[in-house]
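> just coords:
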């Protein structure tokens, strides 16, 4: 295959239809992130399937361990996977395979009946789905450079992030009103039987179909990445593999990939410490942002007296304003660069967090919680565009693989500090201090990084 310069891949597919097709993958992926993993199937797995699990270990603990193993696999394989996607010029093919594997894992959840004997099947499928989904984000994020120009990368990233928020909201509402709401043996407007968890199992099928349907356009609209001259070391070792027995070749390829990875990390440290610094800073503040959504519902109910029935409404509202924030901030990202957007967003989130420490009541939570949510989307979207701007052309997959790995490496910080302050004070409210500290450390690590050359780059 003829190699092209790495910069030739920038802005390769920037038509409106191509950008929309790329954003639709984000819209569809919410079926796994929001419905399957966060709000619906994981709850069904722990509260229904495993509620009478014998032994001293709860279903929630088993779920945590299963997802922990998944996270470890992602952390180990993401940077090498990204390197392969770039070197073999199969970024779109890799995205297609990983998306298909995620969808199959989601569809398989239909067979997890409301019986603790099926818990293990559910745990395995959910963990596999989480692994494939996280790895699929590596080639998907790397495509950002293909579907944007240096002047539009911020708004394109914001558009994709907003599509994910809106897709999650829309599908959650369909699932809730169609399959879950109400009481008795038949649920939702469709009157689906609850026997053996059928209504939730059908939600899993719907989520799988949703993801598959909205993921398809990107594979038709965005061309495959051409092979570039950006990382010949990885490409050579991958070509050398098939000459040996396939198993020996596979181990050789893995070993060589890690050798190239460590070489490139050392090179980055010598020549571009800004990239290393950003990977470190973003890993910390992204964990804080994840903690905001993870513990927001808990705080709403236990501290600010939000009714259980209103939590979903707050979740919908928070996702709407986060999506709108990402869309608007994307234009500022392109005008002034991603760093000011991230810094302002993190500072605003920290200020709202401190305000929530001293206010009480549901009205105050709605006000400051929604203001806080406005800035979560911009921080996430501009973090993605920051790395896309500084990644060496043709090596975006490898950098976003490291982005995923560093995020996984510190993902214990926000939950641990939240739990520590709750334990130390005996009050869930003060868990907010732990989240604010993580965000503040991430902000402090970001501030020294040079970014005045990223506007329009």
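Received the coordinates, thanks. This one's a predicted model, so the numbers in the text were calculated from it and none came from an experiment.

> where does the stretch 201-350 of the chain dip in pLDDT?
The model of the stretch 201-350 of the chain has pLDDT under 70 over residues 227-257, 297, 308-309, 311.

> Give me the pLDDT for residue 401.
Looking at residue 401, its pLDDT stands at 84.

> Distance-wise, check it relative to residue 445.
21 Å (Cβ to Cβ, to the nearest Å). C-beta coordinates here come from the backbone N, C-alpha and C atoms, glycine included.

> With neighbour numbers in mind, choose between those two.
Residue environment comparison for residue 401 versus residue 445 gives the larger neighbour count to residue 401, 29 against 17, counting by other Cβ atoms under 10 Å.

> Now for that one: which residues touch it?
For residue 401, the contacting residues are 78, 79, 80, 81, 82, 83, 138, taking Cβ atoms under 8 Å, 6 or more residues apart in numbering as the criterion.

> for the helix or strand hosting the fifth one, packing partners?
Of the helices and strands defined by DSSP states H and E, residue 82 is found in helix 59-87. Contact here means 3 or more Cβ pairs under 8 Å, 6 or more residues apart in numbering; DSSP states H and E; on that basis helix 59-87 packs against helix 91-108, helix 119-142, helix 232-240, helix 246-271, helix 396-409.

> make it 7 Å
Taking 3 or more Cβ pairs under 7 Å, 6 or more residues apart in numbering; DSSP states H and E as the contact definition, the neighbouring helices and strands of helix 59-87 are helix 119-142, helix 232-240, helix 246-271, helix 396-409.

> ok, back up a step: closest one to residue 19 out of the contacts of residue 401, please.
Top of the list for closeness to residue 19, among the contacts of residue 401 and by Cβ to Cβ, is residue 138 at 19.6 Å.

> what's near enough to touch that closest one?
Residues counted as contacts of residue 138 (Cβ atoms under 7 Å, 6 or more residues apart in numbering) are 78, 81, 82, 85, 397, 400, 401, 404.

> per-residue confidence for it?
90.

> Could you identify which of the contacts of residue 401 has the most neighbours?
Note: the member of the contacts of residue 401 with the most neighbours is residue 138, at 32 neighbours, neighbours being other Cβ under 10 Å.

> Which one, of the helices and strands packed on helix 59-87, ends up nearest to residue 50?
Distance to residue 50, taken as Cβ to Cβ, is lowest for helix 119-142 among the helices and strands packed on helix 59-87, at 4.5 Å.

> What is the end-to-end distance of stretch 355-369?
According to Cα to Cα, to the nearest Å, stretch 355-369 extends 10 Å from its N-terminal end residue to its C-terminal end residue.

> who's in contact with that stretch?
The list of residues contacting stretch 355-369 from outside it, by Cβ under 7 Å, 6+ apart, reads 296, 300, 304, 305, 306, 314, 318, 352, 429, 432.

> Only the buried residues of it, if you could.
Within stretch 355-369, the residues that qualify as buried are 356, 365, 366, 368, 369, counting by 16 or more other Cβ atoms under 10 Å.

> From these, pick the one nearest residue 161.
Using Cβ to Cβ, residue 369 is the member of the buried residues of stretch 355-369 that lies nearest residue 161, at 19.2 Å.

> Against residue 358, how distant is the closest one?
Counting by Cβ to Cβ, the separation of residue 369 from residue 358 is 14 Å.

> circling back: deepest-packed of the helices and strands packed on helix 59-87, please.
By mean neighbour count, with neighbours taken as mean count of other Cβ atoms under 10 Å, helix 396-409 ranks first of the helices and strands packed on helix 59-87 at a mean of 26.

> thinking again about what came up before, can I get the helices and strands packed on helix 59-87 in JSON lines with distance to residue 31?
Rendered in JSON lines, the data for these read as follows (distance: least, Cβ to Cβ, whole Å):
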{"stretch": "helix 119-142", "distance to residue 31": "10"}
{"stretch": "helix 232-240", "distance to residue 31": "32"}
{"stretch": "helix 246-271", "distance to residue 31": "31"}
{"stretch": "helix 396-409", "distance to residue 31": "20"}
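
> how far away is residue 316 from residue 42?
Distance, residue 316 to residue 42, using Cβ to Cβ: 19 Å.

> quick one: which of the two has more around it?
With neighbours defined as other Cβ under 10 Å, residue 316 and residue 42 compare such that residue 42 has more, 20 against 15.

> quick one: that one and residue 63 touch, right?
Yes: taking Cβ atoms under 7 Å as the contact criterion, residue 42 and residue 63 are neighbours in contact, 6.4 Å apart.

> For residue 431, which residues are in contact?
Contact criterion Cβ under 7 Å, 6+ apart gives 295, 418, 421, 422 as the residues in contact with residue 431.

> just residue 53 next, same as before
Residue 53 is in contact with 59, 116, 119, counting by Cβ under 7 Å, 6+ apart.

> Give me the secondary structure label for it.
The three-state assignment at residue 53 reads coil, by DSSP: H, G, I helix; E, B strand; the rest coil.

> any idea which of the contacts of stretch 355-369 has the most stuff around it?
Ranked by the number of neighbours (other Cβ under 10 Å), the contacts of stretch 355-369 place residue 318 first, at 25 neighbours.

> Share the number of residues neighbouring residue 17, please.
Other residues near residue 17 come to 12 when the count uses other Cβ under 10 Å.

> repeat for residue 114
Taking other Cβ under 10 Å as the criterion, the count of residues near residue 114 is 18.

> do the same with residue 52
Residue 52 has 9 neighbouring residues, counting by other Cβ under 10 Å.

> Next: the one 4 residues further on.
The burial count assigned to residue 56 is 6, neighbours taken as other Cβ under 10 Å.
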